[in-house]
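In: show me how the following folds:
(4 chains)
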2 protein chains.
Amino acid sequence: MIETDCVEVLDRIVTHTQIRPGQTVFEEGDEAKYAYNVSRGHVRLFKLLQDGRRQITGFLAPGDFLGLAARQTYAYSAEAITDADLCRLKVGELENLLEEMPPVRERLYEIANDELAAAQEQMLCLGRKTAKERVASFLISQLRHAADCGDGIAEFELPMSRSDIADYLGLTIETVSRTFTALREEGLIELPSTHRISIPSIATLEASTEA
Amino acid sequence: MIETDCVEVLDRIVTHTQIRPGQTVFEEGDEAKYAYNVSRGHVRLFKLLQDGRRQITGFLAPGDFLGLAARQTYAYSAEAITDADLCRLKVGELENLLEEMPPVRERLYEIANDELAAAQEQMLCLGRKTAKERVASFLISQLRHAADCGDGIAEFELPMSRSDIADYLGLTIETVSRTFTALREEGLIELPSTHRISIPSIATLEASTEA
DNA sequence: CGTTCAATTGAGTCTGTTCAACAGCGGTGG
DNA sequence: CCACCGCTGTTGAACAGACTCAATTGAACG
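Out: This is a model prediction of the structure:
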């Protein structure tokens, strides 16, 4: 892990910030002065249309980066979903770091490519999948993301609201809610509480993510 | 331009290939042995669901790269839309090139980030825009892409079929066709021929890409 | 225990789809 | 030269999945 190698260098140049649910990290169009890493909590990334329609382009969990795009301005807005801790780093410092440690750029390139692959998968979801398939795909990807972060069991927390899920999947709150209910009635998921999901058979749910 | 600096090095290690409309460059899941650059013609990138539903994730014009993702396998399929010439380069050779010329990696990083920004814009389109807004957005982006390639006037060629446009915008052929007709009847576009678009007022069309 | 906000459920509507027919155009061959 | 064919694109009519608007339930908190 390159991240671990850099911990000492990083500690000298990063600052830690705490934010509350709903609080803005940065907004689309802001000058991109800082890059961030999520150390605790969850963050949503999104774009807005003038009339307020919102598309969430991604959810971040601890360990994820944001603001790495290396452009003049941020291409999307970022807000905390839960209480969150962020590491903040001036992009200028990041550039210096890249000079000193070329492998870091390689790692950034990998991260960008992973995000790109995820974005393409999401395009497939938004453009060609039904409501049920979108929700199933979302749950499977959230499960995988949660599993990476530790527990291997098929029960996990959904930190975001139905509204966030809707704006991520290109649906309405009502459709998301109805689809959760339908999946529960079909026995594909269980809902111990509103923000907690249990998946009896991952393979069965996965089968309903397409075709 | 870094590309220009590298021309001599590249000439030693690339091979040129020609492909015909509809011909496959590579398929999703194939081992990613080669990276490509489009030197002539147009290419579509897409993902398929098992039942045949297709999402086109991007169109490539001369100068664009494909297969740079640096993963084990390709994340999407690529087919020629028109007759096309491609430069092909072994990914191993590309790695060597990156060792010799670090700025190239920087450039690749930029390209990946541009693609990422485009993908996020497309998510907004697919998730939250109406059919009319999607088509208008598509035409504006194609115009910009064409304008980069030379002529600054607001008339250009659409090399792809209505079916390709539909699968790019998450619509059906019929809806795309009807929307073109509607835009024409509103005076927002002109259609000198099926694959040729003229935009009397870019600002007016742009206004109908949202809200 | 009441307030508030999120989530669920219900009823009716609408945008975009599906299914079907038709038009345009280029290529082929009689 | 023109009739025929195949393919792409357009148009029409009926349908459906998701949306909108509205009411209800549920959970968290003072």
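In: so what's the spatially closest residue to residue A:104 that is not a sequence neighbour up against?
Out: Leaving aside its sequence neighbours, residue A:104 sits nearest to residue A:98 (Cβ to Cβ, 6 or more residues apart in numbering or on different chains; 5.6 Å). Bear in mind the C-beta positions are built from the backbone N, C-alpha and C, glycine included. By Cβ atoms under 8 Å, 6 or more residues apart in numbering or on different chains, the residues touching residue A:98 are A:104-105, A:108.
In: ok, residue A:98 to residue A:74 distance?
Out: Distance, residue A:98 to residue A:74, using Cβ to Cβ, to the nearest Å: 19 Å.
In: residue A:99 now?
Out: Counting by Cβ to Cβ, the gap from residue A:99 to residue A:74 is 23 Å.
In: and these two? Which one has more around it.
Out: Between residue A:99 and residue A:74, residue A:74 has the larger neighbour count (other Cβ atoms under 10 Å in any protein chain shown), namely 21 against 10.
In: now the more buried one. Its backbone dihedrals?
Out: phi -70, psi 140 (degrees, to the nearest 10).
In: swap in residue A:130?
Out: phi -80, psi 170.
In: residue A:55 too?
Out: Torsion angles at residue A:55 (phi, psi; degrees, to the nearest 10) stand at phi -120, psi 120.
In: show me what it is bridged to.
Out: residue A:47 (DSSP bridges).
In: which SS state does the residue nearest to residue A:104 fall under?
Out: On the three-state scheme (DSSP: H, G, I helix; E, B strand; the rest coil), residue A:98 is labelled helix.
In: thinking residue A:179 is in contact with residue A:131, fair?
Out: Yes - between residue A:179 and residue A:131 there is a contact under Cβ atoms under 8 Å: 5.2 Å.
In: still on that earlier bit, do you know how far the residue nearest to residue A:104 is from residue B:101?
Out: When residue A:98 is compared with residue B:101 (using Cβ to Cβ), they lie 15 Å apart.
In: and what of residue A:95?
Out: 18 Å.
In: of these two, who's got more company?
Out: For residue A:95 versus residue B:101, neighbours defined as other Cβ under 10 Å are more numerous around residue B:101 (15 against 11).
In: check contacts around the nearest residue to residue A:172 once chain neighbours are set aside.
Out: What sits nearest to residue A:172 in space, not counting adjacent residues and going by Cβ to Cβ, 6+ apart, is residue A:166, at 5.5 Å. Listed by Cβ under 8 Å, 6+ apart, the contact partners of residue A:166 are A:172-173, A:175-176.
In: try 6 Å
Out: When contacts are counted by Cβ atoms under 6 Å, 6 or more residues apart in numbering or on different chains, residue A:166 touches A:172-173, A:176.
In: that's a helix at residue A:204, yeah?
Out: Yes - Residue A:204: assigned to a helix according to three-state DSSP.
In: that one - how many residues pack around it?
Out: Residue A:204 has 14 nearby residues by other Cβ under 10 Å.
In: in space, what's closest to it - neighbours in sequence excluded?
Out: Residue A:204 sits nearest to residue A:188 (Cβ to Cβ, 6+ apart), 6.2 Å away.
In: mind jotting down where the helices sit in chain A?
Out: A:2-5, A:7-13, A:91-100, A:102-128, A:131-148, A:162-169, A:173-185, A:202-207 (DSSP state H).
In: okay, which residue is most central for chain A?
Out: residue A:59 (1.9 Å; Cα atoms, centre = their mean).
In: find the residue closest to that residue in space, skipping its chain neighbours.
Out: Nearest to residue A:59 is residue A:44, by Cβ to Cβ, 6+ apart, at 5.7 Å.
In: quick one: that neighbour and residue B:186, what's the gap?
Out: With the distance defined as Cβ to Cβ, residue A:44 ends up 36 Å from residue B:186.
In: look up how far residue A:205 lies from residue A:143.
Out: As judged by Cβ to Cβ, residue A:143 and residue A:205 stand 9 Å apart.
In: quick one: stretch A:198-211 near DNA strand C?
Out: No - Stretch A:198-211 is not in contact with DNA strand C by Cβ under 7 Å from any atom of the strand; minimum separation 13.2 Å.
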